[in-house]
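*Asks:* Okay, here's the prediction I keep looking at, along with the sequence it came from:
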2 protein chains.
Amino acid sequence: MSKCNDVTEIEMASQTAGKTTGDLRHHPIHHTSSRPQDCARNMFLLVAVVATMTTGCSATDTDIALDAKATLNHRIQSLDLLVFVFLLALTVLTIWLFKHHRVSWLHETGLAVIYGLIVGAIIRYAGNSTPLVHIQVEPQGTPSYSDKLPPDTLWFKYPVNQTNGTKLPEGIKTYAYVFRGQVYDVDENEIDLKATFDPEVFFNIILPPIIFYAGYSLKKKYFFRNLGAILTFAIVGTTLSAFLIGGFMYGCVKLMPKYLSSSFTFLDTLYFGALISPTDPLTILAIFNDLRVDVNLYALVLGESVLNDAVAIVLSGAIQNYGEHYSNTGEFETTAFLRAMSDFFSIFFLSLLIGAAMGCFTALLTKFTRVRDFPLLESALFVLMSYSTFLLAEATELTGVVAVLFCGICQAHYTYNNLSEDSRQRTKQIFELLNFLAENFIFSYIGVSMFTFPKHHFDAGFIITAFICAALGRAVNVYPLSWLLNIRRKPKISSNFQHLLFFAGLRGAMSFALAIRNTVSDARQTMLTATSLIVIFTVIIQGGAANFLLNWLKIPVGVDDETEQLNNYQVHSVYNSMDNSHPQTSDGYLQDVESGGGGRGKMRLSGGGTESNVDTPVDGPNGSLGSTGGSVNGGRRRNSHEKAILARIWGSFDTKYMKPLLTHSRPTLLETLPVCCNPIARLLTTTQQLTQDGSEFRRVDSDSDICIDNDTGNGLSQDGLAGAAVAAGAPLGRRNSLSRMEILEHVQSPVSTRVRLLGFYGKKL
Amino acid sequence: MSKCNDVTEIEMASQTAGKTTGDLRHHPIHHTSSRPQDCARNMFLLVAVVATMTTGCSATDTDIALDAKATLNHRIQSLDLLVFVFLLALTVLTIWLFKHHRVSWLHETGLAVIYGLIVGAIIRYAGNSTPLVHIQVEPQGTPSYSDKLPPDTLWFKYPVNQTNGTKLPEGIKTYAYVFRGQVYDVDENEIDLKATFDPEVFFNIILPPIIFYAGYSLKKKYFFRNLGAILTFAIVGTTLSAFLIGGFMYGCVKLMPKYLSSSFTFLDTLYFGALISPTDPLTILAIFNDLRVDVNLYALVLGESVLNDAVAIVLSGAIQNYGEHYSNTGEFETTAFLRAMSDFFSIFFLSLLIGAAMGCFTALLTKFTRVRDFPLLESALFVLMSYSTFLLAEATELTGVVAVLFCGICQAHYTYNNLSEDSRQRTKQIFELLNFLAENFIFSYIGVSMFTFPKHHFDAGFIITAFICAALGRAVNVYPLSWLLNIRRKPKISSNFQHLLFFAGLRGAMSFALAIRNTVSDARQTMLTATSLIVIFTVIIQGGAANFLLNWLKIPVGVDDETEQLNNYQVHSVYNSMDNSHPQTSDGYLQDVESGGGGRGKMRLSGGGTESNVDTPVDGPNGSLGSTGGSVNGGRRRNSHEKAILARIWGSFDTKYMKPLLTHSRPTLLETLPVCCNPIARLLTTTQQLTQDGSEFRRVDSDSDICIDNDTGNGLSQDGLAGAAVAAGAPLGRRNSLSRMEILEHVQSPVSTRVRLLGFYGKKL
């Protein structure tokens, strides 16, 4: 243990049970502790004591002292938080400075970690010792314990010298003590008991907004299109990686010195595998955004890194359950394994269901009420519903983080379309800010905790093995699965790209949060230390080196400065193809009118017709990637069966039933449901849906497609609309109010501007 | 006590100190409790127990049971929060419904309270009994206590039947118990110990955003102009009201039955006076917004109701300190009184200073860095700095709420002008949303807690007296001070208006938060109940009846529907006159060009010149008030010495030094500071400040004046600018780049549209 104790060692109270003449031992223990609050506490304690002295001892001394202590605690907590807030403000300012001077060798999260490390070190080595007092209490005279559980509270009678009369008998006060947890390590435990940030804070306060924002800003179209590949990567890849790391670590640990190998079980290493497997979406995202990669690859990697967080948290939960509840020995047992497996799947999919259901419920609320007339109320409703998803999942023993992720996806896919312009912007901005603050807080904390968290256990051998395993796990995730996907995939994932994926596998918030959640045993403490170091290393070194690697791998980077105007989650869409899931040949009522165009911000409609699809392969300054995107598009288009079957089914179902039900989009349910369901369909269709005409469809539809980044496109879309209308020509004029026109354009992308016009000849009723 | 106990009454453990053969009593006590979590807990406990049963007892039973209990607790907390989130969502939806159907007889906060009451009642009467176990521990064999303080933690050895080997001796586990507080009421205390929302939550999480937003959205110009009157109302009025209520209550209480009168000291009733004196800004605001009152009166009342929150919190703190630290007997002592007084003033003004300093520091940060290029970073910095103000004040033993209020005022007055457009909107929207959620949460909680908070003490006599006193206190605040102010004030506060002020004195969040903070004694519990009822009554009945009262008092209400487009904190400015603090006669370099106008949204420039002030008395559909405003304006104008001296000095100092230093406004420090300070002045002046020309000044200046509601005015202000330029005529053309033009227009106010053009002939250097 890394603490310099100038401690009056306590002699262990004799622990024989059943003594009849008990005694209550009172050991005031003075520990050295090195937490942020301690230097402050010391200072304040002095102040408090002095204050107590000078104000005279007329009132009950103990009361005053207690009062002073309570005030003190509050002040220390404030100071604690202040340190972190100050750290965040500093990080923000430095990030600005770096961006201002275009420094690319250090990512902002890396900066947060470094500042955290510095502040942590200062706190650690400038810290003073503070007294923390405890009393050992033993049960005397074999009391009849009816419960398995220890009592919730202890009432402790404490003799004080009272000078003014109260109702209580003189000389005795009763104090309540609340159950906190088991004492494993008799020397160290006080510090843990008072540790400022309960690890659960990460799961209940810090992670939800991060994960929700990830879901909310996921580009849905590309996400659903690549659903099969994403699920493969996320579920298969993460599980594979977890088991591989777990097995390999177990083997390595058994070769290590006795004291270490004996404390690790296979479940421990498996847990480590599960927690170190998920990659952090943040940094990959920033890199890919700079890269201006093909949106499909982007969605794939982003989707994977978002989903593997969800998978990892459920997987680690299942592993823990296996150890705690199902298995007797910790060895492999088939029934226990199957139970854990069913746990894993049921929790994952039930959480998914709750999240999706709450998202859809919000969509219904916003569709069928006119709450959008009051944007503040609407935003409040949106935030409340999203947060209640998390709480609902947690309250029903599911995983709130997973629920909130899928809630975010549904909110973006459906609810967002029903919101007023004001609410769209507000919710986007609020969650963006929350995400930013939460993310930087967690990385600052990782840095600070390296020095101040008392449960670190450094073991060089384990740490080195862990680093190797983390790399191995990522390799297993990237290379074989890429190879597998490349069999079916037309836009092959090039080997350079695979290297990049491997390299971009930073570990982040989720790994740390899982590692710090349980630090009871030596094994867990060793794992926490290794995880912290891996996170710090990958975020600082790999995150910083990413730009150099891009050059080295000769992967072309975005060519013009307009990238900078796009915010984090915006990429230009080289093509979009969700609606291709209805191939024109399969049913007659869909028509694709597509115009490919190029040129800076101005649309050049190079093709258009009611029955033909003209695909102009795009090339621009970003050369190979762009043309890959273009040819993929063409390839896909021509062989619609290549489209992932999952995406096709989902896309069709979504367009026909989900969107008409949950948003104001067309076609309405009146058109898509069988005639017998007409009364119900009418009920679920708003007048807005029925009456909306050409002037309104643009808002609804273009939003549903480019959701998050639609505000940047308003200027252009008008042009696009006009152009498309010209391109569509006669058919447009013939359509009745039921016809649907979908114009998808991407904006601020000079490379490939493309307008597609989809005309739905609604089934006449 | 209002609890239906089906309790196994515990026999009081004999409390004689100094027994040598002690015993440890184990009393599993089954209490009926009626908190939200209990019904849920019961359910979950069953599930947990069943789960424990079915999974076999191979691992240590206690471990599993403990684990299940911990999970359970987490779930219960989630469920608890879920109830409130659900309640808030319901409130939001109903508010929308009410607004949609133009229901005016129930204010939204009233709705939150009513829902809270309903849910509270359901929880209360549907609640089941849940076991909460405690053990009484007595010190045995006179141990030598060296400390005045009880120990921080108790370590309790608990015998369990262990089946698998651990490092600890078989049969004993050590559990840690953390100090929670004194047990006053041996029967009831468990519930308090587990009460979900620590009252401190209100002070540390709920109040800060509300208060910050109040400061941030305060109309600064009118606020500073009426500074003297506001401070009179807030400090003198609140203190007066507190002492009057305190004294009167004390007299009444002493006439009450013995059991009540004996528990109240004068300090208790004084504390009650302090907590019941502050009025809630929220509802007054909504009413006044509907009223479209004269902005000066609006600012006065808003400023008072915001500031009296701050005064009340400091005052109650001083009273508490007086009781706890300074006074021996609780009777009047001159030294103790003086000490408490100095406490009051020093804490108030130091908090104010910290808040203002942090606000100015943020302004400097945003002025001298170009962080505005990255709006997300800028918003984050803004939020972090504002929050750190609260923490800093709390950490230095000052009042965070007061600091955050003045921080908000400074942020709006200075920092806001330096922010990018994006950040302005984002920060405004974020704090608006936070404010909305926090406010509705607190009112929901007031409702729920009426039934679920275990420390209520109903006493009809006290409650009736408290209602009378609350009304009296408000009357003392409104009528005599209005009379006093009317002596010097030209726009007399009419008696109808005074009645309205009296009636609008709703009690709100601050009163409740102060009342629930300390519920140790019977007196405090009685006060909490009375306060809760007063808040509920005033919010529901007075808030709802306000509209009827307006008709009855024949106070004209806003005449057209455009009011609804304004958000809560927007009022139209009948006139603005901050810059009149430089009367034209006193120094030559200021010129007022004012145009009064009327008509719907269109400006009719009815006068203008470089040396003359033409004041067109405004009359419109809102008759008397409008013309009062107009004549005030004229009166003020003609007799500039009537302007509050405080406002004049401050206005001059602010324009000459503070604004040039903290924002990009003109004139720069180069112009206002003496020549000898030029090097420093140059350092503190940005190039943006020096180079900005006529095309940019509008943005900077109009923002600094109408801050929060400037975005609604963009459309009109262009017209205003053009019109004003015409009105100003020749002088405008002659001015060099140092001349300052200030155009203040108010928008969306059809009644009186007025443009003023102030040309500063900057002192040539």
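*Replies:* Now that the structure is in, tell me what you want to look at. Predicted model only: the values in this text are computed from it and were never measured. Residues are numbered from 1 along each chain as shown, chains lettered A, B, ... in the order given.
*Asks:* Provide a list of residue ranges in the stretch 651-765 of chain A with pLDDT below threshold.
*Replies:* Across the stretch 651-765 of chain A, residues meeting the criterion (pLDDT under 70) sit at A:692-765.
*Asks:* Please list the residues of it that sit near chain B.
*Replies:* Applying C-beta under 8 Å from any C-beta of the partner chain, we find that the stretch 651-765 of chain A lies next to chain B at no residue. (Each C-beta comes from the backbone N, C-alpha and C, glycine too.)
*Asks:* For burial, what's the neighbour tally of the closest residue to A:Leu549 other than its chain neighbours?
*Replies:* Leaving aside its chain neighbours, A:Leu549 sits nearest to A:Phe503 (5.7 Å; criterion: C-beta to C-beta, 6 or more residues apart in numbering or on different chains). A:Phe503 is surrounded by 20 other residues when neighbours are defined as other C-beta atoms under 10 Å in any protein chain shown.
*Asks:* and if you look at the one 3 residues further on?
*Replies:* Using other C-beta under 10 Å, A:Leu506 has 28 other residues around it.
*Asks:* repeat for A:Val675
*Replies:* Here the count is done by other C-beta under 10 Å, and A:Val675 has 9 residues near it.
*Asks:* cool, and A:Leu353?
*Replies:* The burial count assigned to A:Leu353 is 14, neighbours taken as other C-beta under 10 Å.
*Asks:* again with A:Gly400
*Replies:* Other residues near A:Gly400 come to 27 when the count uses other C-beta under 10 Å.
*Asks:* my read: the residue nearest to A:Leu549 touches A:Gly543, true?
*Replies:* No: A:Phe503 sits out of contact with A:Gly543 when judged by C-beta atoms under 8 Å, with a separation of 10.2 Å.
*Asks:* Please name the residues that touch A:Tyr213.
*Replies:* Listed by C-beta atoms under 8 Å, 6 or more residues apart in numbering or on different chains, the contact set of A:Tyr213 reads A:408, A:431-432, A:434-435.
*Asks:* give me that answer again for 10 Å
*Replies:* When contacts are counted by C-beta atoms under 10 Å, 6 or more residues apart in numbering or on different chains, A:Tyr213 touches A:281, A:306, A:404-405, A:408, A:428, A:430-436, A:438-439, A:568-569.
*Asks:* if we look at chain B, which of the residues you listed are close to it?
*Replies:* On the criterion C-beta under 10 Å from any C-beta of the partner chain, A:428, A:430, A:432-436, A:568 are the entries of the contacts of A:Tyr213 that sit beside chain B.
*Asks:* which element is the closest residue to chain B within chain A on?
*Replies:* Nearest residue of chain A to chain B: A:Tyr177, at 3.5 Å (C-beta to the nearest C-beta). Under DSSP states H and E, the secondary-structure element containing A:Tyr177 is strand A:172-182.
*Asks:* can you check A:Tyr445 too?
*Replies:* Short version, using DSSP H and E: A:Tyr445 is in helix A:421-452.
*Asks:* What residues of that helix count as buried?
*Replies:* Using 16 or more other C-beta atoms under 10 Å in any protein chain shown as the burial criterion, the residues of helix A:421-452 that qualify are A:422-452.
*Asks:* Which helix or strand lies directly C-terminal to that helix?
*Replies:* Elements were assigned by DSSP H and E; along the chain past helix A:421-452, the next helix or strand is helix A:460-488.
*Asks:* same for that following helix, what does it pack against?
*Replies:* Taking 3 or more C-beta pairs under 10 Å, 6 or more residues apart in numbering or on different chains; DSSP states H and E as the contact definition, the neighbouring helices and strands of helix A:460-488 are helix A:227-231, helix A:238-254, helix A:266-276, helix A:295-321, helix A:495-503, helix A:522-537.
*Asks:* re the thing from before, contacts only, for the residue nearest to A:Leu549.
*Replies:* By C-beta under 10 Å, 6+ apart, A:Phe503 lies in contact with A:284, A:287, A:471, A:474, A:478, A:538, A:542, A:545-546, A:549-550, A:553.
*Asks:* circling back to that earlier point, possible to save the ones next to chain B among the contacts of A:Tyr213 as a markdown table with pLDDT?
*Replies:* A markdown table is the format used below for the ones next to chain B among the contacts of A:Tyr213 (pLDDT from 0 to 100):
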| residue | pLDDT |
| --- | --- |
| A:Lys428 | 90 |
| A:Ile430 | 90 |
| A:Glu432 | 91 |
| A:Leu433 | 92 |
| A:Leu434 | 92 |
| A:Asn435 | 91 |
| A:Phe436 | 91 |
| A:Asn568 | 36 |
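*Asks:* Quick one: classify A:Ile493 as helix, strand or coil.
*Replies:* Taken by DSSP: H, G, I helix; E, B strand; the rest coil, the conformation at A:Ile493 corresponds to coil.
*Asks:* quick one: A:His456 from A:Leu260, how far?
*Replies:* Using C-beta to C-beta, to the nearest Å, A:His456 is found at 15 Å from A:Leu260.
*Asks:* got a pLDDT number for the residue nearest to A:Leu549?
*Replies:* Taken from the predicted model, the pLDDT recorded for A:Phe503 is 81.
*Asks:* domains in chain A, as residue ranges please.
*Replies:* Residue ranges for the domains of chain A, per the TED database: A:68-129+A:150-159+A:171-195, A:199-560, A:661-690.
*Asks:* pLDDT on the strand holding A:Tyr177, on average?
*Replies:* If you average the pLDDT over strand A:172-182, you get 69.
*Asks:* Where does the prediction get shaky in the stretch 201-350 of chain A?
*Replies:* A:219-221, A:283-284, A:286-294, A:325-332.
*Asks:* burial of A:Leu350, as a residue count?
*Replies:* Using other C-beta under 10 Å, the number of residues around A:Leu350 comes to 17.
*Asks:* Grab the nearest non-local neighbour of it.
*Replies:* What sits nearest to A:Leu350 in space, not counting adjacent residues and going by C-beta to C-beta, 6+ apart, is A:Leu398, at 5.4 Å.
*Asks:* Is the one you found part of a helix or strand, or is it coil?
*Replies:* On the three-state scheme (three-state DSSP), A:Leu398 is labelled coil.
*Asks:* Let me see the contact set for the residue nearest to A:Leu506 when sequence neighbours are not counted.
*Replies:* The spatially closest residue to A:Leu506, leaving aside those adjacent along the chain, is A:Thr538, at 4.2 Å (C-beta to C-beta, 6+ apart). Shown in contact with A:Thr538 (C-beta under 10 Å, 6+ apart): A:110, A:279-280, A:283, A:467, A:470-471, A:474, A:503-508, A:511.
*Asks:* top of the residues you listed by neighbour count?
*Replies:* Greatest neighbour count in the contacts of A:Thr538, by other C-beta under 10 Å, goes to A:Thr279: 32 neighbours.
*Asks:* Wasn't that one part of a strand?
*Replies:* No: applying three-state DSSP, one finds A:Thr279 to be coil, outside a strand.
*Asks:* Quick check: it vs B:Ala380, distance?
*Replies:* In this structure, A:Thr279 and B:Ala380 are 25 Å apart, going by C-beta to C-beta.
*Asks:* likewise A:Asp67?
*Replies:* Noted for A:Asp67: a distance of 37 Å to B:Ala380, by C-beta to C-beta.
*Asks:* could you check the angle helix A:421-452 makes with the helix or strand harbouring A:Ser342?
*Replies:* Of the helices and strands defined by DSSP H and E, A:Ser342 is found in helix A:334-368. With axes from the mean of the first three to the mean of the last three C-alpha atoms, to 10 degrees as the basis, helix A:334-368 and helix A:421-452 are set at 150 degrees to each other.
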